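K.L.:
No letters, just coordinates:
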């Protein structure tokens, strides 16, 4: 999905976040990647990520994403937590666009096919943990999520492949000693 030009500027972001979340913003940085307009926001004591989705993004899809993120968090996966607004919602709307606020988590983003061996293994382990956790998620088969992202069968196959890869890596480590 193409990213639409942002309807937000520094003044609007500060006002929206203060009004809807009660957070005073000290610094805002635009981040040019992802499938939404993304801003790194610093308050006195925390760092957040604000995402402004394109007009085509539905409230329903954001709620589903939030539910999956919360499920992964409960399973011990390090994911960015969505912040509830004063209205007790995980999103706000501004000029027909959905906006979410998340806690910023430590980490890094890599471009596709740029990781070294160690980063590839690290990514595979994280993907394996997420895949393992999501196999227990009850909502995946509803509303075409599976068709759009993955199927239960592909999750199970992914788990098997990840386990095989880990076993092979462990064998390689043992034989290289």
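P.N.:
Everything's here; your move. Small disclaimer: the values here were computed from a predicted structure and weren't measured.
K.L.:
C-alpha only now, for contacts and for neighbours.
P.N.:
Will do.
K.L.:
Now residue 104. Nearest residue, chain neighbours left out?
P.N.:
Of all residues beyond its chain neighbours, the one nearest residue 104 is residue 48 (4.7 Å), with distances taken as CA to CA, 6 or more residues apart in numbering.
K.L.:
Contacts only, for that neighbour.
P.N.:
Contacts were defined as CA atoms under 8 Å, 6 or more residues apart in numbering; by that measure residue 48 touches 40-42, 101-104.
K.L.:
As TSV, the residues you listed with pLDDT would be great.
P.N.:
What follows is the contacts of residue 48, written out as TSV (pLDDT from 0 to 100):
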residue	pLDDT
40	96
41	96
42	97
101	97
102	95
103	94
104	92
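K.L.:
Can you say which helix or strand has the residue nearest to residue 104 in it?
P.N.:
Here residue 48, judged by DSSP states H and E, is contained in strand 47-52.
K.L.:
Just checking: what are the partner strands of that strand?
P.N.:
Strand pairing for strand 47-52, determined by DSSP bridges: strand 37-43 (antiparallel), strand 97-103 (antiparallel).
K.L.:
my read is residue 93 is in a strand, agree?
P.N.:
Yes: the assignment for residue 93, made by DSSP: H, G, I helix; E, B strand; the rest coil, places it in a strand.
K.L.:
and residue 95, backbone torsions?
P.N.:
Backbone dihedrals for residue 95, given as degrees, to the nearest 10, come out at phi 50, psi 50.
K.L.:
Now do it against residue 53, distance only.
P.N.:
11 Å (CA to CA, to the nearest Å).
K.L.:
Check residue 129 too.
P.N.:
Counting by CA to CA, the separation of residue 129 from residue 53 is 27 Å.
K.L.:
returning to what we had before: residue 21: which of the strands paired with strand 47-52 is closest?
P.N.:
Of all those, the one in closest proximity to residue 21, counting by CA to CA, is strand 97-103 (9.0 Å).
K.L.:
which residues are contacting that closest one?
P.N.:
Residues contacting strand 97-103 (CA under 8 Å, 6+ apart): 46-55, 57-59, 80-84, 90-93.
K.L.:
Going through these, which ones are buried?
P.N.:
Taking 16 or more other CA atoms under 10 Å as the criterion, what is buried in these is 47-54, 59, 80-84, 90-92.
K.L.:
And residue 95, what's its pLDDT?
P.N.:
Among the per-residue scores, residue 95 holds a pLDDT of 93.
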